[in-house]
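Asker: Below is the structure, and that's it, no one-letter string:
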């Protein structure tokens, strides 16, 4: 099991949503927190909220789309604590635009934050984990990294990359006989505001997930060294469904309302 108490835990995208809720839960469990986000106001608010916990809290404004900022922030973390035990890559963005309406900069930033930042944080912290033969890298991806849909071409593509990053890294570490753990998180839409306005056709199969539930599942999964957490379980049906002819697969994605889920998107 991965123990959280007294461990150094770094969370990207910590100022809001699931990142914020994980920060609070990990503080409750006695972890030392290193919190990154581009939102200075949100970070300051979170830092104040965590003052009552018996944990060491460091906050740092960091633009996850900027590789150099990531490396600089990582060096500051190492000066403070020496090494990170658990790295949780939670930062993510979404434009929610059809491909031809998304600008060059929007597409590029989506990949920088949702995919490339995973590589830069791993470059920064994985070497120390491997030297100690201990550590845990958590990638918050998405069900959109398993099944694509319209108005999320850039987002889903970046999350497919995130899922591939975790899988390849897990196998690479296994080949090296390393005890560094990895976990990938693939939730359906979460009711945090990021995907405000999305719809689901069959709520009993594909509910809009409550952030409290998602946070609880992620923390429990990290502690129990779960390699893959998919929410809700119905999303896993997509794996065997891929052996079907493509027109049949596409029909099912339409039937379950997935391909129209972003039609009324008003998130951020």
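Answerer: That came through fine. These figures come from a predicted structure and were not determined experimentally.

Asker: For the rest of this, base every contact and every neighbour count on C-alpha atoms.
Answerer: Noted.

Asker: quick one: the helices in the stretch 151-268 of the chain?
Answerer: For the stretch 151-268 of the chain, the helices defined by DSSP state H, counting those that start in this stretch occupy 153-175, 211-223, 238-241, 246-255.

Asker: need the strands for this protein, in chain order.
Answerer: In chain order, the chain shows strands spanning 8-12, 32-37, 57-61, 86-89, 136-140, 181-187, 228-231, with DSSP state E as the criterion.

Asker: Direction included, what does the last one pair up with?
Answerer: Right, strand 228-231. For strand 228-231, the pairing partners within the sheet under DSSP bridges are strand 181-187 (parallel).

Asker: returning to that earlier point: of the helices of the stretch 151-268 of the chain, flag the one that's most buried.
Answerer: Using mean count of other Cα atoms under 10 Å, the stretch among these with the largest mean neighbour count is helix 153-175, at a mean of 19.

Asker: What helices and strands are in contact with it?
Answerer: Using 3 or more Cα pairs under 8 Å, 6 or more residues apart in numbering; DSSP states H and E as the contact test, the elements touching helix 153-175 are helix 104-111, strand 136-140, strand 181-187.

Asker: okay if I get these as TSV plus distance to residue 67 and mean neighbour count?
Answerer: Converted to TSV, the helices and strands packed on helix 153-175 look like this (distance: least, Cα to Cα, whole Å; neighbours: other Cα atoms under 10 Å):
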stretch	distance to residue 67	mean neighbour count
helix 104-111	12	16
strand 136-140	17	24
strand 181-187	22	25
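
Asker: got JSON lines for the ones you listed, with mean pLDDT too?
Answerer: Formatted as JSON lines, the entries for these read as follows, by pLDDT from 0 to 100:
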{"stretch": "helix 104-111", "mean pLDDT": "98"}
{"stretch": "strand 136-140", "mean pLDDT": "98"}
{"stretch": "strand 181-187", "mean pLDDT": "98"}
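
Asker: could you dump those to a markdown table with distance to residue 29?
Answerer: Compiled in a markdown table, the helices and strands packed on helix 153-175 are given as follows (distance: least, Cα to Cα, whole Å):
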| stretch | distance to residue 29 |
| --- | --- |
| helix 104-111 | 32 |
| strand 136-140 | 16 |
| strand 181-187 | 19 |
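
Asker: I'd like to know which of those lies nearest to residue 267.
Answerer: Ranking these by their distance to residue 267 (criterion: Cα to Cα) puts helix 104-111 first, at 14.9 Å.

Asker: Any idea how far that closest one is from the middle of the chain?
Answerer: Going by Cα atoms, centre = their mean, to the nearest Å, the spacing between the C-alpha centre of helix 104-111 and its chain's C-alpha centre is 18 Å.

Asker: Between helix 153-175 and it, find me the angle.
Answerer: Taking axes from the mean of the first three to the mean of the last three Cα atoms, to 10 degrees, one finds helix 104-111 and helix 153-175 inclined to each other by 30 degrees.
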